[in-house]
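Chemist: following is a predicted model, sequence given first.
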Amino acid sequence: MSPSAPFNPPSPTLAGKPFVPSWTPPPVTKEKHNFAELKSIDLSLLDSEDPAVVNDLIQQVKVAIRDDGFLFLENYGVSLEQLHRQFGLAQYLYNNISEEDKQRLLFHPETGVWSGYKHPYGFKRHRGPADGIEQFNWYTPEWASPSTRVPQCLQPFMDEIEAFCTYLTQSVNRRLLTLFSRVLELPDDYLWEKVQSHGSPTGEGYFRHALFRPVQKETRDASKGIKMHGHTDFGLTTLLFSVPISCLQIWGRDEQWYYVPYRPGALVVNIGDTLEIVSGGHFKATRHRVFTPPADQLEEERLSLVLFNSSVGDLRMGPALVRMKLMVCAESPLIQREGCIEEQGVYKEFRNLTAQGKLVPTNREWREIQIATCTDPTDSVRNSVGADQVLIEGKIMHQREYMGVKVVLPV
Ligand SMILES: O=C(O)CCC(=O)C(=O)O
Ligand SMILES: [Fe+2]
């Protein structure tokens, strides 16, 4: 596939496919306060014949990922109609999944992967307090054996879902990694070939259909309004679709949370830990959380589609790039010239471990430990100062340690 060809999915009307009602985006909030202003990148400009246009694009990306660690991506090859069909399929899933499939495909996060169905009772296999969040997560086994691993109601649509993920990975993410490689002044395919995992429509990463249902006041009180703790994604890039229900928030440079505004059809791109480390801190892993929406959206359901792109599991990351134990090659001319940006969170921790002669976790270990030990926002025992929270300069922060790596994040 030529990386810049537009998405050309299988037909929704092929024989044997049940009718899927279309998805109607719910109304946008009237609230105007506490919204971030994000830069938007037009991915189609990467194909421009004019080198000045491409250079300007690289500069825009450089500024966006340094300033915000977050950007909107537009004109990436999927039309609004094609995107809404994928939301329609997610909506169809939650309207049609059987109780039997929910049981049979129940996730097992303690194994380090989210694979399968997440019940709306917290992020553990056993049921905790209600959180209103349902998910279905596709990893390599779901693509390889859909007849046993995917809810029956979605099986007629595997061609479309798989084509969508393949396009997002092999075209959108690949072009995005080209942009990021160019910012690091590396060959175009550097991140795609040396860091991105391959081998299925989602490589070692995963695709998610998520449904956030409105929650009772008790849940909101217990979680202090948080649906997902402040975190950074552990992989390379995360591609989220901008949605009308405003729950996603990012941590601004002024140390406040801001909602991500709705921009129809746009992709919201998160930088993951791997990219922060590989770039020697030049790229900032996006600190974000999922929070209660503004008052006029409290009773709305929120669908969210997300592709989590993962790095090769066996690699141990260092600034572009420490492969396995040895081989430190500061291959990036940008890093060679400007050095690393020492204040970044996870990058700094990985660097400190390496400086002490210790091995940093492999990418697989890094993602699996975080999934296996994920805690719930409603867990008032863990979410208290002295347990998973600390006071730093009068501010409450969430602090966890994974395999000798300390992670401190805004709550
Ligand atoms: O649904 C969203 O908008 C974000 C979810 C998220 O941050 C995550 O699952 O890592
Ligand atoms: Fe996330």
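Modeler: Yep, it's here. Ligands and ions are numbered 1, 2, ... in the order given.
Chemist: pull the contacting residues for the residue of the stretch 51-200 of the chain found nearest ligand 1.
Modeler: Relative to ligand 1, the nearest point of the stretch 51-200 of the chain is Gln135 (8.2 Å; CB to the nearest ligand atom). Using the backbone N, CA and C atoms, a C-beta is placed for each residue, glycine as well. Neighbouring residues of Gln135 by CB atoms under 8 Å, 6 or more residues apart in numbering: Phe107, Trp114, Tyr117, Lys118, Arg208, His209, Ala210, Leu211.
Chemist: any idea what it is bridged to?
Modeler: Lys118, Ala210 (DSSP bridges).
Chemist: how far away from the center of its chain is stretch 346-360?
Modeler: Stretch 346-360 sits 24 Å away from the centroid of its parent chain (CA atoms, centre = their mean, to the nearest Å).
Chemist: ok but Thr250 is inside a strand, no?
Modeler: For residue 250 the amino acid is Ile, not Thr. Yes. When classified by DSSP: H, G, I helix; E, B strand; the rest coil, Ile250 is found to be part of a strand.
Chemist: which of the three states applies to the residue nearest the centre of the chain?
Modeler: The residue lying closest to the centre of the chain (CA atoms, centre = their mean) is Thr238, at 3.2 Å. With three-state DSSP as the basis, Thr238 sits in strand.
Chemist: can you tell me how far the residue of the stretch 51-200 of the chain closest to ligand 1 sits from Ile245?
Modeler: From Gln135 across to Ile245, the span is 16 Å (CB to CB, to the nearest Å).
Chemist: still on that earlier bit, excluding chain neighbours, what is closest to the residue nearest to the centre of the chain?
Modeler: The shortest distance from Thr238 to any non-neighbouring residue, by CB to CB, 6 or more residues apart in numbering, is to Asn270 (3.9 Å).
Chemist: right, and that neighbour touches Thr237 too?
Modeler: Yes. Counting by CB atoms under 8 Å, Asn270 touches Thr237, with 6.7 Å between them.
Chemist: one step back: my guess is the residue nearest to the centre of the chain meets Ser310, correct?
Modeler: No. Counting by CB under 8 Å, Thr238 does not reach Ser310; the two are 10.0 Å apart.
Chemist: Gly225: how many residues sit nearby?
Modeler: Using other CB atoms under 10 Å, Gly225 has 14 neighbouring residues.
Chemist: before we move on, what about Arg125?
Modeler: Arg125 has 15 neighbours, counted by other CB under 10 Å.
Chemist: just give the closest residue to it, not the sequence neighbours.
Modeler: Nearest to Arg125 is His108, by CB to CB, 6+ apart, at 5.3 Å.
Chemist: looking at it, the one you found is touching His119, isn't it?
Modeler: No. Checked against CB under 8 Å, the pair His108 and His119 is beyond contact range at 11.7 Å.
Chemist: quick one: name the residues of the chain near ligand 1.
Modeler: Within the chain, the positions lying close to ligand 1 (CB under 6 Å from any ligand atom) are Ala210, Met228, Asp233, Leu240, Leu248, His288, Val290, Ser304, Val306.
Chemist: show the backbone phi and psi for the residue of the chain most remote from its centre.
Modeler: Most distant residue from the mean C-alpha position of the chain: Ala15, 34.1 Å away (CA atoms, centre = their mean). Per-residue torsions, Ala15: phi -50, psi 140 (degrees, to the nearest 10).
Chemist: check the gap between it and ligand 1 for me.
Modeler: Distance, Ala15 to ligand 1, using CB to the nearest ligand atom, to the nearest Å: 34 Å.
Chemist: do a quick rundown of the strands in the stretch 101-250 of the chain.
Modeler: With DSSP state E, counting those that start in this stretch as the criterion, the stretch 101-250 of the chain has strands at 116-118, 133-138, 206-212, 226-231, 237-241, 248-251.
Chemist: and the last one, which residues are buried?
Modeler: For strand 248-251, a neighbour-count test (16 or more other CB atoms under 10 Å) marks Leu248, Gln249, Ile250, Trp251 as buried.
Chemist: taking the stretch 251-400 of the chain, what residue is nearest to ligand 1?
Modeler: Proximity of the stretch 251-400 of the chain to ligand 1 (CB to the nearest ligand atom) peaks at Ser304, 3.6 Å away.
Chemist: can you give me the strands in the stretch 301-411 of the chain?
Modeler: Under DSSP E, counting those that start in this stretch, the stretch 301-411 of the chain gives strands at 302-309, 389-392, 395-402, 405-410.
Chemist: dump these to CSV, plus mean pLDDT.
Modeler: Converted to CSV, the strands of the stretch 301-411 of the chain look like this (pLDDT from 0 to 100):
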stretch, mean pLDDT
strand 302-309, 98
strand 389-392, 92
strand 395-402, 92
strand 405-410, 91
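Chemist: can you say which of the ones you listed is packed in most?
Modeler: For the strands of the stretch 301-411 of the chain, the largest average neighbour count (mean count of other CB atoms under 10 Å) is found in strand 302-309, namely a mean of 23.
Chemist: what is it packed up against?
Modeler: helix 80-96, strand 206-212, strand 237-241 (3 or more CB pairs under 8 Å, 6 or more residues apart in numbering; DSSP states H and E).
Chemist: tell me the pLDDT of the closest residue to ligand 1 within the stretch 101-250 of the chain.
Modeler: Here the stretch 101-250 of the chain gets closest to ligand 1 at one residue, Leu248, 3.9 Å apart by CB to the nearest ligand atom. pLDDT, Leu248: 98.
Chemist: same question for the one 3 residues further on.
Modeler: Among the per-residue scores, Trp251 shows a pLDDT of 93.
Chemist: how many other residues sit next to Asp189?
Modeler: Other residues lying near Asp189 total 13 when counted by other CB under 10 Å.
Chemist: how about Ser310?
Modeler: The burial count for Ser310: 25, using other CB under 10 Å.
Chemist: kindly report the same for Lys62.
Modeler: When neighbours are counted by other CB under 10 Å, Lys62 registers 18.
Chemist: and it, backbone torsions?
Modeler: Backbone phi and psi, for Lys62 under degrees, to the nearest 10, turn out to be phi -60, psi -50.
Chemist: now for Pro25: which residues touch it?
Modeler: Counting by CB under 8 Å, 6+ apart, Pro25 touches His84, Phe87, Val243, Pro244, Pro264.
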